[in-house]
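Visitor: Sequence unavailable; structure follows:
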DNA sequence: ATTAAATATAGATAATCATCTATGGCATCA
DNA sequence: TGATGCCATAGATGATTATCTATATTTAAT
C-alpha cells in the first residue's frame, strides 16, 4: 500500500461514503460534487491496491479490505480530532507547561498566586526557579524561562514588563530595641548599629545600597547573610538591624518591630517580565491572565498594584 | 488545525525529524535533501498553527504541541502499518471470508477438504451453502457466492472451471437382492424394479435421466425423494433400487451392494466454478490453492482428478 | 576567530491534488 | 417505458505538493 500521498481529507471522504453507503449522499454531506467523491474513491482504492466498496443491492458496502480501512480511518481521524482538542487546550492555557523564575524575596508572596492558579489549572506543569537577582539575570540572559519576576528589570530591549505587587523595604529591629517605639527615626541614627545585609547580587541589597548612596550615607559594621529568613531571625535575636522586604515578615511578628525611619519604606515593585524574542507559552500567558484577574483575591490589598492589563494587551496583540 | 492537506508522508518526515533530533539526519535517513525536510516541517507547523520544534542546545526537541503531534503521528502511522499487514494477510489468503455453494451430493466429500483448510487458515470465515443443482444455479446467476461446485457447469460464458473430483454414479440394491452377486447386469433388467429417484432439479437425477434417454430406456415404477440419505436408507430397507453417487455410500455398507450394471458407473466430475465478472476474494483463491495442493491427502485417491492447476493459472493471470 | 555543520530561505519544476462541469450507462420505480 | 437518481468517466484547471539546486544565516566546535 502506498501511503505516501494519502491525505486525511481522502480518509474523511472515504469515511463519509462508507457511513452513508452512497457516493452522492457523501458528496452532499461534504458539499462536494458527486464526481469529486467518485474520483477520490478511485484514487484511494488505487493507493490501497484493493477494491474497497462493492455495490450490494443498491447500497455501497465495504469489502473486507474496505471495512478494515474504514476502521483505520475512523481511528486515525479520531486521533487527530483529539490532537485538535489538545491544541485547543494548549492554546487556552488549560494545559501545557511553563517555567517561572523568581527573585528570592518574591517567594514569600508568589505562592499565594500560584496555589490558586494550579488548583484552577491542574493540567499545567509549572516549574519555579528561585535565586537572587544576579542568578535570575543569568537565567534571563540565557532565555531559560518563560516568565521572570524582578523588582528592577534588566534592559527592556528584548522584553516587556508589567508591575503587579508593591515590595516595600522596611527597617526592622528587635522588640525592645532602643529605637523601637520612637515616633520618628532618622537613617543616620541607624548607622551606628550593626546592619545585617543580604549578599551583593541580591535585589534587596542593591536597592538599599543605591538608596544609601543617594543619601550620601555609609554603613558602619555589617554582617552578610544570603537569606532573608536568616536575617529576620538574626534581627529578632539581637544580632543587629536590617532593611528587608515587608513580605518577609510573618503576619504576626511579636519579636520584631518596624522602625519608622524617614525615607522608608523604600517603595519598589515586582513585575512580570516576558522576553519578546521567545514565544511565550500559552500556559504562561494563561498564568498572567489568571494573575491579572485574581490578584486582588490572593494578596493583601495594600500590596496589590495590578498593571498587568497593559502587559497582556501587548502580549496578545503580537503573539 | 487544518488537517485537510495533511499527508501521511508529512507525518513520516516529522516523526523522522523528532526521533533523530535533527533535520539533516532525518533527510539522510529518508533519502531527501535537507531543505526538503526543512520545508515540510515548516508546512506542517503552519498547518498545525503552533511551533513544533525548538532548538535546544544543538538538538531539536519538540515543543509541548510538537510532542503531542509526535505521539499522534506515531499512532497514526502505526495504525496504517497494521492496516498494511492486514492487507498482506488478506492478499495471502490467510484471512478474510468467502462463500462457497455446493450441490447436495458434494457435501459428502467437501468437508474432507474444508476441514483441513480451516484448520490451516483459522482466520478465514467460510460460508457454505448447500442445495440441489437448480438452487445452486439460481445462486450462481445472482452471483451470491465466490465459489461453486457443480458436476455439470452452466454456461461458462462468465465463468471458469476446474475439475477436481470424480463423481461416479452407481446402481445400488439391498444386500440379498436377486440381482446382487451377479457378474453382470443389463440396465434393462433393472427397469422392472421400482427405482428411488432424487427430485427433478437435482444433478444426480439429471444425469441419470439423460443417460436413460441416450440409451432409449424408460423407467417403470419410481419413488421420488429429495435426499440422498433417504434414498440410501430406502434402498437398504427394500423400497427399491437407486442410482446414486458413490460418495453417498459410507465406506462400509453391509446392507447395500453395488450392481455391476453395464454402462455404469456413470462418470461425471465435480468442478470448482468461479465467475469471471466478480472479483474472486483472496481467501477463496487461497482455498483453491489449498485444494490444489492437498487434495491427494484429503480424499481417497481413486476419486482424485486434480485439474486445478490450470484453473489457478487462469485466475492468477488476470486478477 | 575560523571553520565546519546545521538550518533556513529562495527560486524552480514536474507531479499530484481537489475540484469543477458535462455526459453516458444502469438500475429502479411508478 | 419513461423518468429519476446514482455512479463512472472524461477533460479542464488552479492550487498545492514534493522535490531539487544554490545560497544565506545561524550555531557549535576548535
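Guide: That came in fine, so what should we check first? This is a predicted model, so every value here is computed, not measured.
Visitor: Around residue A:126, how many other residues sit close by?
Guide: For residue A:126, the neighbour count with other C-beta atoms under 10 Å in any protein chain shown is 18. For every residue, glycine as well, the C-beta is placed using N, CA and C.
Visitor: so how far is the helix or strand containing it from its chain's centroid?
Guide: Per DSSP states H and E: residue A:126 is located in strand A:124-131. A distance of 8 Å separates the centroid of the chain from that of strand A:124-131, by C-alpha atoms, centre = their mean, to the nearest Å.
Visitor: just stretch A:101-118 next, same as before
Guide: For stretch A:101-118 - counting by C-alpha atoms, centre = their mean - the centre lies 11 Å from the chain centre.
Visitor: what does stretch A:210-229 give?
Guide: The answer for stretch A:210-229 is 33 Å, by C-alpha atoms, centre = their mean.
Visitor: ok so, going back, the strand holding residue A:126 close to chain B?
Guide: No: against chain B, strand A:124-131 shows no contacts by C-beta under 8 Å from any C-beta of the partner chain, the least distance being 9.0 Å.
Visitor: Residue of the stretch 51-200 of chain A nearest DNA strand D, please.
Guide: Proximity to DNA strand D, evaluated over the stretch 51-200 of chain A using C-beta to the nearest atom of the strand, is greatest for residue A:60 at 5.1 Å.
Visitor: For burial, what's the neighbour tally of that residue?
Guide: Residue A:60 has 19 neighbours, counted by other C-beta under 10 Å.
Visitor: That one belongs to a helix?
Guide: No: per DSSP: H, G, I helix; E, B strand; the rest coil, residue A:60 lies outside any helix segment and is strand.
Visitor: if we can go back for a sec, determine the set of other helices and strands touching the strand holding residue A:126.
Guide: With contacts defined as 3 or more C-beta pairs under 8 Å, 6 or more residues apart in numbering or on different chains; DSSP states H and E, strand A:124-131 has these neighbours: strand A:96-103, helix A:110-120, helix A:133-141, helix A:282-298.
Visitor: Next, the buried residues of the last one.
Guide: Using 16 or more other C-beta atoms under 10 Å in any protein chain shown as the burial criterion, the residues of helix A:282-298 that qualify are A:282-292, A:294-295, A:298.
Visitor: what's next to the helix or strand following it, contact-wise?
Guide: Per DSSP H and E, the first helix or strand lying C-terminal to helix A:282-298 is helix A:308-317. Counting by C-beta atoms under 8 Å, 6 or more residues apart in numbering or on different chains, helix A:308-317 makes contact with A:160-162, A:164, A:272, A:274, A:280, A:285, A:288-289, A:291-292, A:295, all of which sit outside it.
Visitor: Could you find which two of those are furthest from each other?
Guide: A:280 and A:295 (18.9 Å; C-beta to C-beta).
Visitor: where does the stretch 201-319 of chain A come near chain B, residue by residue?
Guide: Neighbours of chain B within the stretch 201-319 of chain A, by C-beta under 8 Å from any C-beta: A:279, A:281, A:283.
Visitor: for those, which one is nearest residue A:183?
Guide: Nearest member of these to residue A:183, counting by C-beta to C-beta, is residue A:283, at 49.6 Å.
Visitor: quick one: the closest one from DNA strand C, how far?
Guide: Using C-beta to the nearest atom of the strand, to the nearest Å, residue A:283 is found at 23 Å from DNA strand C.
Visitor: And for residue A:33?
Guide: Relative to DNA strand C, residue A:33 is positioned 3 Å away (criterion: C-beta to the nearest atom of the strand).
Visitor: and that residue, what are its phi and psi?
Guide: With angles defined as degrees, to the nearest 10, residue A:33 sits at phi -90, psi 160.
Visitor: doesn't residue A:26 make contact with it?
Guide: No: using C-beta atoms under 8 Å, residue A:33 makes no contact with residue A:26, being 11.1 Å away.
Visitor: Looking at these two, which one has more neighbours?
Guide: Legend: neighbour count by other C-beta under 10 Å for residue A:33 and residue A:26, higher for residue A:26 (26 against 12).
Visitor: how about the nearest residue to residue A:263, chain neighbours excluded?
Guide: Counting by C-beta to C-beta, 6 or more residues apart in numbering or on different chains, residue A:187 is the residue found nearest to residue A:263 once chain neighbours are left out, at 6.1 Å.
Visitor: do the same with residue A:220
Guide: Counting by C-beta to C-beta, 6+ apart, the nearest residue to residue A:220 once its immediate chain neighbours are dropped is residue A:191, at 5.4 Å.
Visitor: next one: the lowest-mean-pLDDT helix or strand in chain A to chain centre, how far?
Guide: One helix or strand of chain A scores below all others by mean pLDDT, DSSP states H and E: strand A:53-56, with a mean of 79. Distance of strand A:53-56 from the chain centroid (C-alpha atoms, centre = their mean) equals 56 Å.
Visitor: That strand near DNA strand C anywhere?
Guide: No: judged by C-beta under 7 Å from any atom of the strand, strand A:53-56 and DNA strand C are separated, with a smallest distance of 8.7 Å.
Visitor: Paired strands for that strand, with orientation please.
Guide: The pairing partners recorded for strand A:53-56 under DSSP bridges are strand A:59-62 (antiparallel).
Visitor: who's in contact with the strand it pairs with?
Guide: Against strand A:59-62 from outside (C-beta under 8 Å, 6+ apart): A:17-18, A:21-23, A:52-55, A:69-70.
Visitor: out of these, which are buried?
Guide: Listed as buried from the contacts of strand A:59-62 are A:17-18, A:21-23, A:52-53, A:69-70; burial here means 16+ other C-beta under 10 Å.
Visitor: could I get the contacts of helix A:308-317 as CSV with pLDDT and distance to DNA strand C?
Guide: Below are the contacts of helix A:308-317 laid out as CSV (pLDDT from 0 to 100; distance: C-beta to the nearest atom of the strand, whole Å):
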residue, pLDDT, distance to DNA strand C
A:160, 87, 23
A:161, 88, 28
A:162, 90, 30
A:164, 92, 35
A:272, 93, 29
A:274, 89, 22
A:280, 84, 19
A:285, 89, 23
A:288, 91, 27
A:289, 90, 29
A:291, 90, 32
A:292, 90, 33
A:295, 87, 38
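Visitor: hmm, back to that, what's across from the residue of the stretch 51-200 of chain A closest to DNA strand D in the sheet?
Guide: residue A:55.
Visitor: how close does it sit to residue A:23?
Guide: For residue A:60, the distance to residue A:23 equals 7 Å [C-beta to C-beta, to the nearest Å].
Visitor: cool, residue A:233 as well?
Guide: Residue A:233 sits 81 Å away from residue A:23, taking C-beta to C-beta as the criterion.
Visitor: next one: residue A:161
Guide: Using C-beta to C-beta, we find residue A:161 at a distance of 60 Å from residue A:23.
Visitor: give me the low-pLDDT residue ranges for the stretch 151-300 of chain A?
Guide: Along the stretch 151-300 of chain A, the parts satisfying pLDDT under 70 run over A:155-157.
Visitor: Find the closest residue to DNA strand C in it.
Guide: Closest residue of the stretch 151-300 of chain A to DNA strand C, C-beta to the nearest atom of the strand: residue A:279 (13.3 Å).
Visitor: in chain A, which residue is closest to the centre?
Guide: residue A:284 (3.1 Å; C-alpha atoms, centre = their mean).
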